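Q: sequence-free structure coming up:
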(Lines give C-alpha, C1' and ligand atoms only; values in the text may rest on other atoms or scores of the structure.)
Protein backbone atom coordinates (compact mmCIF):
# COMPACT_ATOMS: atom_id res chain seq x y z
CA UNK A 1 0.00 0.00 0.00
CA UNK A 2 1.19 3.51 -0.81
CA UNK A 3 2.02 5.79 2.09
CA UNK A 4 0.40 8.96 0.87
CA UNK A 5 -2.39 10.61 2.78
CA UNK A 6 -4.86 13.33 2.02
CA UNK A 7 -7.08 15.25 4.39
CA UNK A 8 -9.89 16.04 4.51
CA UNK A 9 -11.45 13.24 2.46
CA UNK A 10 -14.68 15.22 2.12
CA UNK A 11 -15.28 18.93 2.60
CA UNK A 12 -18.46 20.95 2.12
CA UNK A 13 -17.89 24.65 2.50
CA UNK A 14 -19.50 27.98 1.69
CA UNK A 15 -18.44 30.40 -1.02
CA UNK A 16 -15.63 32.76 -0.08
CA UNK A 17 -14.02 30.55 2.53
CA UNK A 18 -10.31 29.79 2.52
CA UNK A 19 -9.45 26.10 2.39
CA UNK A 20 -6.28 24.05 2.54
CA UNK A 21 -6.12 20.48 1.31
CA UNK A 22 -3.34 18.55 2.99
CA UNK A 23 -1.14 15.92 1.34
CA UNK A 24 1.65 14.01 3.02
CA UNK A 25 3.82 11.09 1.89
CA UNK A 26 6.29 9.05 3.89
CA UNK A 27 8.12 7.46 0.96
CA UNK A 28 10.73 10.18 0.56
CA UNK A 29 9.59 10.96 -2.99
CA UNK A 30 10.90 14.09 -4.64
CA UNK A 31 8.07 14.50 -7.12
CA UNK A 32 4.62 15.47 -5.93
CA UNK A 33 1.54 16.46 -7.92
CA UNK A 34 -1.98 17.75 -7.59
CA UNK A 35 -4.58 16.60 -10.10
CA UNK A 36 -8.20 17.70 -10.40
CA UNK A 37 -10.83 15.23 -11.57
CA UNK A 38 -14.57 15.67 -12.04
CA UNK A 39 -16.77 12.52 -11.85
CA UNK A 40 -16.29 10.35 -14.93
CA UNK A 41 -13.84 12.78 -16.43
CA UNK A 42 -10.10 12.81 -16.99
CA UNK A 43 -7.36 13.86 -14.61
CA UNK A 44 -6.01 17.36 -15.07
CA UNK A 45 -2.64 18.35 -13.65
CA UNK A 46 -2.91 21.63 -11.74
CA UNK A 47 0.39 21.78 -9.79
CA UNK A 48 3.60 19.86 -9.45
CA UNK A 49 6.83 19.96 -7.51
CA UNK A 50 10.18 18.35 -8.15
CA UNK A 51 11.50 19.01 -4.68
CA UNK A 52 11.61 21.39 -1.74
CA UNK A 53 10.97 25.01 -2.75
CA UNK A 54 10.14 23.93 -6.30
CA UNK A 55 6.56 24.36 -7.54
CA UNK A 56 5.14 24.75 -11.03
CA UNK A 57 1.70 25.24 -12.47
CA UNK A 58 0.28 22.37 -14.45
CA UNK A 59 -1.74 22.13 -17.64
CA UNK A 60 -5.06 23.24 -16.21
CA UNK A 61 -5.30 26.80 -14.99
CA UNK A 62 -6.21 26.84 -11.34
CA UNK A 63 -6.79 29.59 -8.80
CA UNK A 64 -5.23 27.42 -6.15
CA UNK A 65 -1.67 27.74 -4.84
CA UNK A 66 0.75 25.19 -3.42
CA UNK A 67 3.88 25.15 -1.29
CA UNK A 68 6.70 22.64 -0.76
CA UNK A 69 8.57 23.54 2.37
CA UNK A 70 9.23 19.94 3.36
CA UNK A 71 9.76 16.92 1.14
CA UNK A 72 6.88 15.01 2.64
CA UNK A 73 4.28 17.76 2.61
CA UNK A 74 2.53 19.42 -0.38
CA UNK A 75 -0.57 21.39 0.68
CA UNK A 76 -2.96 23.05 -1.77
CA UNK A 77 -4.74 26.28 -0.81
CA UNK A 78 -7.77 28.08 -2.21
CA UNK A 79 -7.95 31.62 -0.82
CA UNK A 80 -11.63 32.10 -1.69
CA UNK A 81 -13.61 29.03 -2.63
CA UNK A 82 -16.27 29.24 -5.34
CA UNK A 83 -18.84 26.70 -6.61
CA UNK A 84 -16.68 26.25 -9.76
CA UNK A 85 -13.99 24.75 -7.49
CA UNK A 86 -16.25 21.82 -6.66
CA UNK A 87 -14.33 18.73 -7.73
CA UNK A 88 -12.13 15.89 -6.54
CA UNK A 89 -8.50 16.77 -5.88
CA UNK A 90 -5.96 13.95 -6.06
CA UNK A 91 -2.43 14.22 -4.70
CA UNK A 92 0.31 11.94 -6.02
CA UNK A 93 4.01 11.34 -5.52
CA UNK A 94 6.79 9.52 -7.36
CA UNK A 95 10.54 9.10 -7.57
CA UNK A 96 12.74 11.52 -9.48
CA UNK A 97 14.62 9.54 -12.10
CA UNK A 98 15.01 11.80 -15.12
CA UNK A 99 11.32 11.65 -15.88
CA UNK A 100 11.20 8.07 -17.09
CA UNK A 101 9.37 6.48 -14.21
CA UNK A 102 5.67 5.89 -14.58
CA UNK A 103 4.66 4.89 -11.14
CA UNK A 104 2.80 7.55 -9.30
CA UNK A 105 1.25 6.78 -5.95
CA UNK A 106 -2.05 8.53 -5.40
CA UNK A 107 -3.79 9.53 -2.23
CA UNK A 108 -7.46 8.67 -1.82
CA UNK A 109 -8.49 12.16 -2.85
CA UNK A 110 -10.24 15.14 -1.30
CA UNK A 111 -13.76 15.66 -2.53
CA UNK A 112 -14.59 19.36 -2.29
CA UNK A 113 -18.09 20.81 -2.57
CA UNK A 114 -18.50 24.58 -2.50
CA UNK A 115 -22.04 25.80 -1.92
CA UNK B 1 -6.04 17.50 -30.39
CA UNK B 2 -5.52 15.81 -27.05
CA UNK B 3 -2.04 14.50 -26.28
CA UNK B 4 -3.42 11.11 -25.29
CA UNK B 5 -6.68 9.82 -26.76
CA UNK B 6 -8.75 6.85 -25.73
CA UNK B 7 -12.16 5.48 -26.65
CA UNK B 8 -14.24 6.35 -23.57
CA UNK B 9 -16.43 3.24 -23.88
CA UNK B 10 -18.13 1.84 -21.97
CA UNK B 11 -17.14 -1.61 -23.09
CA UNK B 12 -19.75 -4.04 -21.79
CA UNK B 13 -18.47 -7.61 -22.05
CA UNK B 14 -19.48 -10.96 -20.56
CA UNK B 15 -17.28 -12.79 -18.11
CA UNK B 16 -14.60 -14.78 -19.90
CA UNK B 17 -14.45 -12.47 -22.90
CA UNK B 18 -11.28 -11.02 -24.35
CA UNK B 19 -11.29 -7.24 -24.65
CA UNK B 20 -8.78 -4.84 -26.17
CA UNK B 21 -8.29 -1.12 -25.60
CA UNK B 22 -6.31 1.20 -27.81
CA UNK B 23 -4.75 4.52 -27.06
CA UNK B 24 -3.02 7.01 -29.36
CA UNK B 25 -0.53 9.69 -28.39
CA UNK B 26 0.45 12.76 -30.34
CA UNK B 27 3.97 13.52 -29.18
CA UNK B 28 6.54 11.41 -31.01
CA UNK B 29 9.12 12.32 -28.34
CA UNK B 30 7.17 10.35 -25.73
CA UNK B 31 9.51 8.02 -23.93
CA UNK B 32 7.56 5.80 -21.61
CA UNK B 33 4.06 4.40 -21.50
CA UNK B 34 1.81 2.89 -18.88
CA UNK B 35 -1.64 1.59 -18.14
CA UNK B 36 -3.31 2.63 -14.91
CA UNK B 37 -6.54 1.31 -13.47
CA UNK B 38 -9.09 3.47 -11.64
CA UNK B 39 -12.02 1.95 -9.82
CA UNK B 40 -15.18 4.00 -9.38
CA UNK B 41 -14.60 6.84 -6.91
CA UNK B 42 -11.10 5.58 -6.13
CA UNK B 43 -7.61 6.77 -6.96
CA UNK B 44 -5.69 5.54 -10.05
CA UNK B 45 -3.17 2.75 -9.55
CA UNK B 46 -0.42 1.51 -11.87
CA UNK B 47 -1.51 -1.62 -13.72
CA UNK B 48 1.55 -2.17 -15.90
CA UNK B 49 4.29 -0.47 -17.83
CA UNK B 50 4.39 -0.87 -21.61
CA UNK B 51 7.70 -1.96 -23.10
CA UNK B 52 8.78 -1.69 -26.73
CA UNK B 53 8.83 -5.45 -27.16
CA UNK B 54 5.41 -5.88 -25.60
CA UNK B 55 4.87 -7.42 -22.20
CA UNK B 56 2.49 -9.69 -20.41
CA UNK B 57 1.34 -9.93 -16.82
CA UNK B 58 -1.02 -12.83 -16.29
CA UNK B 59 -4.19 -12.15 -18.27
CA UNK B 60 -2.99 -8.68 -19.31
CA UNK B 61 -0.88 -7.97 -22.38
CA UNK B 62 0.42 -4.52 -23.34
CA UNK B 63 1.78 -3.57 -26.75
CA UNK B 64 3.49 -0.46 -28.08
CA UNK B 65 3.64 0.65 -31.70
CA UNK B 66 5.97 3.64 -31.91
CA UNK B 67 5.62 4.06 -35.66
CA UNK B 68 1.86 4.49 -35.40
CA UNK B 69 2.02 6.07 -31.95
CA UNK B 70 -0.44 3.80 -30.25
CA UNK B 71 -0.55 1.56 -27.22
CA UNK B 72 -2.87 -1.33 -26.58
CA UNK B 73 -4.05 -3.35 -23.61
CA UNK B 74 -5.52 -6.82 -24.01
CA UNK B 75 -7.42 -8.50 -21.20
CA UNK B 76 -8.11 -12.21 -21.59
CA UNK B 77 -10.69 -14.22 -19.67
CA UNK B 78 -12.34 -11.12 -18.19
CA UNK B 79 -13.41 -11.26 -14.55
CA UNK B 80 -16.10 -9.24 -12.82
CA UNK B 81 -13.30 -7.66 -10.79
CA UNK B 82 -11.76 -6.24 -13.97
CA UNK B 83 -14.61 -3.72 -14.16
CA UNK B 84 -12.93 -0.33 -13.89
CA UNK B 85 -11.66 2.56 -15.98
CA UNK B 86 -8.34 1.93 -17.72
CA UNK B 87 -6.15 4.98 -18.18
CA UNK B 88 -3.48 5.23 -20.84
CA UNK B 89 -0.54 7.25 -19.51
CA UNK B 90 2.39 8.76 -21.38
CA UNK B 91 5.60 10.34 -20.16
CA UNK B 92 7.04 12.80 -22.66
CA UNK B 93 10.20 12.76 -20.63
CA UNK B 94 11.58 16.17 -21.53
CA UNK B 95 11.57 19.18 -19.31
CA UNK B 96 9.88 19.32 -15.98
CA UNK B 97 6.60 17.67 -16.83
CA UNK B 98 4.44 15.11 -15.19
CA UNK B 99 2.73 12.14 -16.74
CA UNK B 100 -0.06 12.83 -19.20
CA UNK B 101 -3.21 10.82 -18.55
CA UNK B 102 -5.78 9.83 -21.13
CA UNK B 103 -9.42 10.27 -20.22
CA UNK B 104 -9.80 6.51 -19.72
CA UNK B 105 -11.83 3.65 -21.15
CA UNK B 106 -14.54 2.24 -18.94
CA UNK B 107 -14.91 -1.53 -18.81
CA UNK B 108 -17.96 -3.26 -17.38
CA UNK B 109 -17.73 -7.05 -17.14
CA UNK B 110 -21.11 -8.66 -16.75
CA UNK B 111 -22.01 -12.07 -15.29
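A: That came through, no problem. All figures in this text were calculated on a predicted structure; none of them were measured in a lab.
Q: what segments of chain B are strands?
A: Assigned by DSSP state E, the strands in chain B fall at B:4-6, B:11-14, B:19-25, B:32-38, B:44-50, B:55-57, B:60-65, B:70-75, B:84-91, B:100-101, B:105-110.
Q: quick one: mean pLDDT over the last one.
A: Translated: strand B:105-110. The pLDDT scores in strand B:105-110 average 96.
Q: check the gap between residue B:78 and residue B:44 for me.
A: Residue B:78 is 20 Å from residue B:44, where distance means C-beta to C-beta, to the nearest Å. Every residue, glycine included, has its C-beta placed from N, CA and C.
Q: burial measure for residue A:7, as a count.
A: Around residue A:7 there are 14 other residues, counting by other C-beta atoms under 10 Å in any protein chain shown.
Q: can you name the residues bridging to it?
A: Per DSSP bridges, the residues bridged to residue A:7 are residue A:22.
Q: ok, residue B:49 next?
A: With DSSP bridges as the criterion, residue B:49 is bridged to residue B:34.
Q: that one touches residue B:33, doesn't it?
A: Yes: under the criterion of C-beta atoms under 8 Å, residue B:49 makes contact with residue B:33 at 7.2 Å.
Q: middle-most residue in chain A, spatially?
A: residue A:34 (2.9 Å; C-alpha atoms, centre = their mean).
Q: quick one on the thing from earlier: so for residue B:49 and residue B:33, which residue has more residues nearby?
A: Ranked by neighbour count (other C-beta under 10 Å), residue B:49 and residue B:33 place residue B:33 first, with 25 against 17.
Q: against residue B:103, how distant is the closest residue to the more buried one other than its chain neighbours?
A: Once flanking residues are discounted, residue B:33 sits nearest to residue B:50: 4.0 Å by C-beta to C-beta, 6 or more residues apart in numbering or on different chains. As judged by C-beta to C-beta, residue B:50 and residue B:103 stand 18 Å apart.
Q: counting contacts, what elements does the lowest-mean-pLDDT helix or strand in chain B pack onto?
A: The element with the least model confidence among the helices and strands of chain B, by mean pLDDT, DSSP states H and E, is strand B:100-101, at a mean of 88. Other elements packing on strand B:100-101 under the criterion 3 or more C-beta pairs under 8 Å, 6 or more residues apart in numbering or on different chains; DSSP states H and E are strand B:84-91.
Q: now the angle from the strand it packs on to strand B:105-110?
A: Interaxial angle, strand B:84-91 versus strand B:105-110 (axes from the mean of the first three to the mean of the last three C-alpha atoms, to 10 degrees): 150 degrees.
Q: now do the buried residues in strand B:84-91.
A: B:84, B:85, B:86, B:87, B:88, B:89, B:90, B:91 (16 or more other C-beta atoms under 10 Å in any protein chain shown).
Q: and what of stretch A:35-43?
A: Those buried within stretch A:35-43 under the rule 16+ other C-beta under 10 Å are A:35, A:36, A:37, A:42, A:43.
Q: got the angle for the helix or strand hosting the second one vs strand B:44-50?
A: Right, the one you point to is residue A:36. Element membership for residue A:36, per DSSP states H and E: strand A:31-37. Interaxial angle of strand A:31-37 relative to strand B:44-50 (the same axes, to 10 degrees): 110 degrees.
Q: from the rest of the structure, what touches stretch B:55-69?
A: Stretch B:55-69 is contacted from outside by B:24-26, B:28, B:30, B:33, B:35, B:47-52, B:54, B:71-77, using C-beta atoms under 8 Å, 6 or more residues apart in numbering or on different chains.
Q: is it true that the residue nearest to residue B:33 touches residue B:34?
A: Yes: in this structure, residue B:50 is within contact of residue B:34 by C-beta under 8 Å, at 6.2 Å.
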